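**Student:** have a look; sequence and predicted model below, questions after that.
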Amino acid sequence: MYSDLKPSFSFLILLFLCLQPLIFSLSTDASPPPTVCIVGSGIGGSSVAHFLRHYFHPSPSQPTPPNIKIFERSYVVGGRMATVSIGGESFEAGASILHPKNYHALNYSNLLGLKVKPPPASEDDDSMSLGIWDGKKFVFKTLQVDSKFPLVQKIVSYVNSFRIFFRYGFSLLKMGSFVEVFVLFIAFLFLPKKSTVDSFLKYYESPERRPIFETVDEMLKWAGLYNLTTQTLQDELIGIKLSPLLIKELVTVITRINYGQSVYISGLAGAVSLAGSGGGLWSVDGGNWQMASGLINSSDVSLHLNEEIESISYLGEYYELNSTKRNSYSCEVAVVATPLDEVNIRFSPAVSIPERKLQHTHATFVRGLLNPAYFGLRTVAEIPELVGTLEDPDLPFTCISVLKQLDENDTTYKIFSRGPMSDALLDSIFSARLQTNRINWGAYPHYKAPELFAPFILDGQHLYYVNAFENAASTMETSAVAAENVARLILSRYFSEASLQSSNLQSFSPDADVSHFDL
Ligand SMILES: Cc1cc2nc3c(=O)[nH]c(=O)nc-3n(C[C@H](O)[C@H](O)[C@H](O)COP(=O)(O)OP(=O)(O)OC[C@H]3O[C@@H](n4cnc5c(N)ncnc54)[C@H](O)[C@@H]3O)c2cc1C
Ligand SMILES: *[C@@H]1O[C@H](CO)[C@@H](O)[C@H](O)[C@H]1NC(C)=O
């Protein structure tokens with residue numbers, strides 16, 4: 001036995017001695033670490049950077065962590081997380097509410113020491129009045145009683161529950177527990193959505209038990225969410241026998257507020273939109289964009305603001321990114337963390353993804369006072385604090401809500417609409433206007449059912465697309481979840497040789513029978 005071992009042992013020593021110069025040279029004058037270039041500094045791009053740092057472990061083939069560059073065409077980070085300043089106070093202009101189970105966002109806030117607060121709309125949940133406007137009249141209005149007494153408020157909220165119950169009937173029992181029916185307006189608790197939230201929680205399981213996904217389809221199927229993208233919300237709700245009136249009014253108001261769209265969005269986008277509350281909603285004090293800036297600051301990133309990427313070319317070993325500043329960057333890995341539907345990035349070779357349209361939401365902020373006559377009312381106090389609307393192409397806005405009442409004649413409002421709000425239109429809706437700010441967002445995908453998804457890997461090599469996940473549902477948290485998966489994909493495919501080879505074998509193959517368009 002001993003003599004058997006001896007030769008192999010000395011052979012090992014020999015081998016070690018032979019390899020030593022090689023190991024030595026690898027660890028000293030090793031080639032520079034690879035560069036990961038990320039296009040977009042929203043929650044998606046910043047999360048990719050964060051998770052690349054979080055999950056990176058040195059290996060013999062990749063001893064040094066990658067350089068990370070983030071390119072942002074704007075002069076600020078955060079993308080669709082941005083604030084607007086009105087009357088010296090700042091309000092969320094884009095993404096505003098987070099759900100209590102948005103665990104990545106929660107972890108970011110803890111990690112970065114950000115303060116969380118309830119969003120303005122839910123500050124006093126039960127007393128926030130709601131009206132459903134059809135363009136001529138309010139088809140539904142909750143009672144409004146301004147009382148400092150909690151008991152009176154409680155009674156008002158029960159009366160409102162009964163009002164809602166009488167209009168929408170027993171269907172509501174399917175949407176949530178009866179006591180919570182009123183809260184439902186702002187809370188939107190209902191059965192299918194509850195299970196959607198639970199399915200979504202699978203994406204927080206430990207990475208050891210959770211696969212790395214190359215496609216959105218695979219990722220959704222694994223959590224049991226894929227089927228919800230094959231049917232419209234309307235069909236989904238008819239399937240569980242909700243009353244047509246409830247769908248036409250209450251549910252429509254909600255999908256219009258959250259996604260600017262009707263109940264023809266996919267069941268999954270609909271469920272996420274309806275989940276948009278339930279109490280415990282929160283946002284980051286001072287602005288949700290601080291999550292992106294905090295993650296970028298803590299992830300050793302070189303940030304290129306005001307630098308728009310115009311082209312991404314694959315040159316064999318690396319990608320060349322060219323910017324509007326006439327700069328050229330070489331990156332071993334390129335990550336697109338912005339929707340490709342409206343940006344002009346030239347890809348060489350061309351990449352092919354399913355066609356997708358963005359829904360534009362015009363956010364208009366007005367400091368002033370609504371005109372009760374516009375709503376056929378006598379006093380401003382009769383106008384509900386949240387005016388939702390029905391699906392009617394003639395309606396010039398989607399919703400109007402009170403952000404802050406400064407005094408009787410001075411209130412800050414937020415209006416969402418599908419088209420721009422002209423001065424003439426605003427002058428008919430408002431009796432006074434001190435300040436008006438307008439933002440036109442390429443807000444979220446225009447959802448449909450069935451949805452077709454672009455792959456996370458655009459070229460079968462090392463070009464990744466975080467926002468492929470966005471037509472499942474667009475939220476800050478879903479961007480973070482998609483980004484975490486993309487970071488793990490990059491680390492497994494680029495930074496560990498073994499899995500690189502195996503995953504390259506099963507590289508992406510576009511479906512021949514779906515409509516694709518070239519970028
Ligand atoms: C009005 C509105 C309300 C919303 N409400 C909510 C809500 O309450 N809760 C919620 O969770 N979500 C909400 N959302 C959705 C949420 O904002 C998005 O899902 C999320 O912020 C997307 O983040 P992202 O990083 O994927 O993309 P983005 O935030 O869009 O980031 C992409 C970034 O890439 C940059 N970029 C684009 N092209 C280039 C280029 N060629 N070169 C360099 N940089 C480029 C852009 O400037 C942008 O900063 C809302 C969205 C809108 C518009
Ligand atoms: C959030 O942070 C905690 C503590 O670090 C960790 O255990 C948990 O897995 C994190 N959650 C997510 C979703 O990353």
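**Tutor:** Now that the structure is in, tell me what you want to look at. Model, not experiment: these values are computed from the prediction. Ligands and ions are numbered 1, 2, ... in the order given.

**Student:** spell out which parts of the protein neighbour ligand 1.
**Tutor:** Within the chain, the positions near ligand 1 by C-beta under 6 Å from any ligand atom are 39-45, 71-74, 79-81, 94-97, 308-309, 337-338, 343, 345, 361, 363, 441, 443-444, 467, 474-477, 479. The C-beta positions use only the backbone N, C-alpha and C, and glycine is treated the same way.

**Student:** and ligand 2, is whatever helix or strand Ile490 lives in touching that?
**Tutor:** Here Ile490, judged by DSSP states H and E, is contained in helix 476-493. No: looking at helix 476-493 against ligand 2 by C-beta under 6 Å from any ligand atom, there are no contacts, and the closest approach is 7.6 Å.

**Student:** Asp235 sits in which helix or strand?
**Tutor:** Element membership for Asp235 (DSSP H and E) is helix 233-239.

**Student:** so for that helix, mean pLDDT?
**Tutor:** Throughout helix 233-239, pLDDT has a mean value of 88.

**Student:** list the buried residues of it.
**Tutor:** For helix 233-239, a neighbour-count test (16 or more other C-beta atoms under 10 Å) marks Leu233, Gln234, Glu236, Leu237 as buried.

**Student:** take those residues and write them to a markdown table, including distance to His304.
**Tutor:** As requested, the buried residues of helix 233-239 are arranged in a markdown table below (distance: C-beta to C-beta, whole Å):
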| residue | distance to His304 |
| --- | --- |
| Leu233 | 40 |
| Gln234 | 44 |
| Glu236 | 43 |
| Leu237 | 45 |
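
**Student:** just the closest of those to ligand 1, please.
**Tutor:** Nearest to ligand 1 among the buried residues of helix 233-239, counting by C-beta to the nearest ligand atom, is Leu233 at 17.3 Å.

**Student:** correct me, but the closest one touches Gln261?
**Tutor:** No: with contact defined as C-beta atoms under 8 Å, Leu233 does not count as touching Gln261 (9.4 Å).

**Student:** shared neighbours of those two, anything?
**Tutor:** Thr255 (C-beta atoms under 8 Å, 6 or more residues apart in numbering).

**Student:** separation between Ala480 and Asp341?
**Tutor:** Distance from Ala480 to Asp341, counting by C-beta to C-beta, to the nearest Å: 20 Å.

**Student:** out of those two, which sits in the busier spot?
**Tutor:** Neighbour count, other C-beta atoms under 10 Å: between Ala480 and Asp341, Ala480 has more, with 27 against 19.

**Student:** quick one: classify the residue lying closest to the more buried one once chain neighbours are set aside as helix, strand or coil.
**Tutor:** Once flanking residues are discounted, Ala480 sits nearest to His104: 3.8 Å by C-beta to C-beta, 6 or more residues apart in numbering. Judged by DSSP: H, G, I helix; E, B strand; the rest coil, the three-state class of His104 is helix.

**Student:** His104: how many residues sit nearby?
**Tutor:** As a burial measure, His104 scores 23 neighbours (other C-beta under 10 Å).

**Student:** ok, now which ones touch it?
**Tutor:** Ser47, Glu477, Ala480, Val481, Glu484.

**Student:** can you pick the most crowded of these?
**Tutor:** Scoring these on neighbours with other C-beta under 10 Å, the highest-scoring entry is Ser47 at 31 neighbours.

**Student:** so how far is Lys101 from that residue?
**Tutor:** Counting by C-beta to C-beta, the gap from Ser47 to Lys101 is 17 Å.

**Student:** I figured Gln391 hits Thr252, correct?
**Tutor:** I think there's a mix-up here, since residue 391 is Glu and not Gln. Yes: under the criterion of C-beta under 8 Å, Glu391 makes contact with Thr252 at 5.3 Å.

**Student:** so what sits against both of the two?
**Tutor:** By C-beta under 8 Å, 6+ apart, Glu391 and Thr252 have these common neighbours: Ser262, Val263.

**Student:** more neighbours: these two, which one.
**Tutor:** Using other C-beta under 10 Å as the criterion, Glu391 and Thr252 rank with Thr252 on top: 22 against 17.

**Student:** ramachandran angles for the more buried one?
**Tutor:** phi -60, psi -40 (degrees, to the nearest 10).

**Student:** residue contacts, it?
**Tutor:** By C-beta under 8 Å, 6+ apart, the contact list for Thr252 reads Ser262, Val263, Leu390, Glu391.

**Student:** residue contacts, the last one?
**Tutor:** When contacts are counted by C-beta under 8 Å, 6+ apart, Glu391 is found next to Lys248, Thr252, Arg256, Ser262, Val263.

**Student:** which element is encountered next along the chain beyond the helix holding Asp235?
**Tutor:** Next helix or strand after helix 233-239 toward the C-terminus (DSSP H and E): helix 244-246.

**Student:** that following helix packs against which elements?
**Tutor:** Applying 3 or more C-beta pairs under 8 Å, 6 or more residues apart in numbering; DSSP states H and E, one finds that helix 244-246 makes contact with helix 150-168, helix 171-175.

**Student:** enumerate the positions of that helix that are buried.
**Tutor:** Neighbour-count burial for helix 244-246, counted by 16+ other C-beta under 10 Å, picks out Leu246.

**Student:** adjacent strands (with direction) for the helix or strand hosting Val139?
**Tutor:** Using DSSP H and E, Val139 sits in strand 138-141. Next to strand 138-141 in the sheet, as set by DSSP bridges, lie strand 130-133 (antiparallel).

**Student:** tell me the residues of the chain that contact ligand 2?
**Tutor:** Close to ligand 2, as judged by C-beta under 6 Å from any ligand atom, the chain has residues Tyr103, His104, Asn107, Tyr204.

**Student:** and the last one, what is it in contact with?
**Tutor:** So that's Tyr204. Tyr103.

**Student:** mind listing what's buried in the helix holding Ile490?
**Tutor:** Result for helix 476-493 [16+ other C-beta under 10 Å]: buried residues 476-493.

**Student:** tell me the helices and strands packed up against that helix.
**Tutor:** On a contact count with 3+ C-beta pairs under 8 Å, 6+ apart, helix 476-493 meets helix 43-55, helix 103-112, strand 333-336, strand 463-465, helix 497-505.

**Student:** switch the cut-off to 7 Å
**Tutor:** Packing partners of helix 476-493 (3 or more C-beta pairs under 7 Å, 6 or more residues apart in numbering; DSSP states H and E): helix 43-55, helix 103-112, strand 463-465, helix 497-505.

**Student:** now do that helix, average pLDDT.
**Tutor:** Helix 476-493 comes out with an average pLDDT of 97.

**Student:** and for it, what are the contacting residues?
**Tutor:** Applying C-beta atoms under 7 Å, 6 or more residues apart in numbering, the external contacts of helix 476-493 come out as 36, 42-44, 47-48, 51-52, 55-56, 81, 95, 98, 102, 104-105, 203, 207, 212-214, 219, 288, 333, 335, 456, 462, 464, 466, 469, 472, 499-500, 503.
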